[in-house]
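# Pasted the sequence and its predicted model underneath.
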Amino acid sequence: MKNQKIISDEKALSIIHKPMLTEKSTNLNQFNQYTFVVDKNSNSNDIRQAIEKIFKVKVTKVNTSILRGKLKSFKGNLGYKKDIKKAVVTLAEGNTIDASLEIK
């Protein structure tokens, strides 16, 4: 964390796309963990700074994973859905995020 660049507000909003509202992510909220769809080219430090800047909370840990797009058929044509990157963000004790908040 020594040579970290501080990101701007516009960059922070472009990193975080939207919250993931699934059954699993809703169950993680009780452990102070929140799940977001993020930019595929972002790293954990960028995601940490973006969450702290947008929601004004203290982030303790960021776990990321890339979900590969599934094979789908549409009118006889085969194709793949897009790959997405998701981040599970753990907040410090006492911090919360309103997960229903839409990020613009």
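Great, that's in hand.
# residue with max distance from the center of this structure?
In the chain, Gly76 marks the outermost C-alpha relative to the chain mean, sitting 33.6 Å out by CA atoms, centre = their mean.
# Tell me how far it lies from Gly69.
19 Å (CB to CB, to the nearest Å). Backbone N, C-alpha and C define where each C-beta goes, glycine included.
# neighbouring contacts of stretch 30-43?
14-20, 22, 24-25, 28, 47, 50-51, 64, 66, 83-93, 95-97, 99 (CB atoms under 8 Å, 6 or more residues apart in numbering).
# so how far is the helix or strand where Glu52 lies off the chain centroid?
Taking DSSP states H and E as the definition, Glu52 sits inside helix 44-55. Put simply, helix 44-55 sits 9 Å off its chain's centre (CA atoms, centre = their mean, to the nearest Å).
# Quick check: Ile97 touching Lys58?
No: contact criterion CB atoms under 8 Å: Ile97 and Lys58 do not qualify, at 11.4 Å.
# What segments of the protein are strands?
16-19, 33-38, 59-67, 71-74, 77-80, 84-91 (DSSP state E).
# returning to what we had before: select only the buried ones of the contacts of stretch 30-43 in PyMOL?
In PyMOL syntax, the buried subset of those is picked out as below (16 or more other CB atoms under 10 Å):
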select buried, resi 15+16+17+19+20+25+28+47+50+51+64+84+85+86+87+88+89+91+95+97
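# that older thread, quickly list what's touching both of Ile97 and Lys58.
In terms of CB under 8 Å, 6+ apart, Ile97 and Lys58 are both contacted by the residues Leu91.
# now for the worst-scoring helix or strand of the chain on mean pLDDT, which elements pack on it?
Taking mean pLDDT, DSSP states H and E as the measure, helix 9-15 is the helix or strand of the chain with the lowest mean score, a mean of 89. The contact analysis (3 or more CB pairs under 8 Å, 6 or more residues apart in numbering; DSSP states H and E) places helix 9-15 against helix 44-55.
# Phi, psi for the residue farthest from the centre of the chain please.
phi 90, psi -10 (degrees, to the nearest 10).
# Tell me the confidence at it?
Here, the pLDDT recorded for Gly76 equals 92.
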